[in-house]
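1. fold the stuff below for me.
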Amino acid sequence: MIGYVTLGSNDIEKAGAFYDALLAEVGGKRIMTNERMIMFGNGPGKPMVAVCTPYDEEEATVGNGTMVALSMDSQDDVEKLYAKAIELGAADEGAPDFRMPTFFGGYFRDLDGNKLVAFCMG
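-> Residues are numbered from 1 along each chain as shown. Model prediction:
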């Protein structure tokens with residue numbers, strides 16, 4: 001159902017480098033770039049993540065209650081992606097663990113403060 005999500009950034013080059021390294025862990029790579037946006041994906045027709053400077057040219061801010069969930073295949077994959085995010089300078093928002101009996105997730109904030117979770121079900 002989700003085609004793509006965008007995350008605002010005030011430093012597109014720094015955000016691009018962060019997501020280049022982070023999303024490479026799950027097969028993601030840059031698929032489209034212009035002066036204000038970098039789009040990442042891992043295959044045709046699959047959901048994508050983009051970082052961009054806001055179209056209205058105002059400062060990018062973090063949406064309270066907004067979060068991007070990155071689906072992983074296993075708990076090990078969740079732990080690896082979470083660890084990579086922290087290694088790249090992300091802020092911890094909750095180490096990988098079960099939040100519900102069938103939901104395993106690790107939460108972090110990227111370099112611009114956007115909240116993400118790497119998760120798997122089961």
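2. tell me where the protein has strands.
-> 4-8, 29-33, 37-41, 48-52, 68-71, 91-100, 103-109, 115-121 (DSSP state E).
3. how close does the closest residue to residue 51 other than its chain neighbours sit to residue 25?
-> With sequence-adjacent residues excluded and distances taken as Cβ to Cβ, 6 or more residues apart in numbering, residue 51 is closest to residue 15, at 4.2 Å. Yep, even glycine has a C-beta here, placed from its N, CA and C like the rest. Residue 15 sits 16 Å away from residue 25, going by Cβ to Cβ, to the nearest Å.
4. cool, and residue 91?
-> 18 Å.
5. relative to the centre of the protein, find the outermost residue for me.
-> residue 101 (23.8 Å; Cα atoms, centre = their mean).
6. need the contact list for that residue.
-> If a contact means Cβ atoms under 8 Å, 6 or more residues apart in numbering, then residue 101 has no contacts.
7. and it, what's its pLDDT?
-> Looking at residue 101, its pLDDT stands at 93.
8. surely residue 116 and residue 66 touch.
-> No - Residue 116 lies out of contact with residue 66 (Cβ atoms under 8 Å); the separation is 10.1 Å.
9. look at the two and report which has more neighbours.
-> residue 116 (24 against 11; other Cβ atoms under 10 Å).
10. list the residues that contact the more buried one.
-> So residue 116 contacts 67, 68, 69, 70, 85, 107, 108, 109, 110 (Cβ under 8 Å, 6+ apart).
11. before we move on, what about residue 98?
-> Here residue 98 is in contact with residue 104 (Cβ under 8 Å, 6+ apart).
12. what pairs with it across the strands?
-> residue 104 (DSSP bridges).
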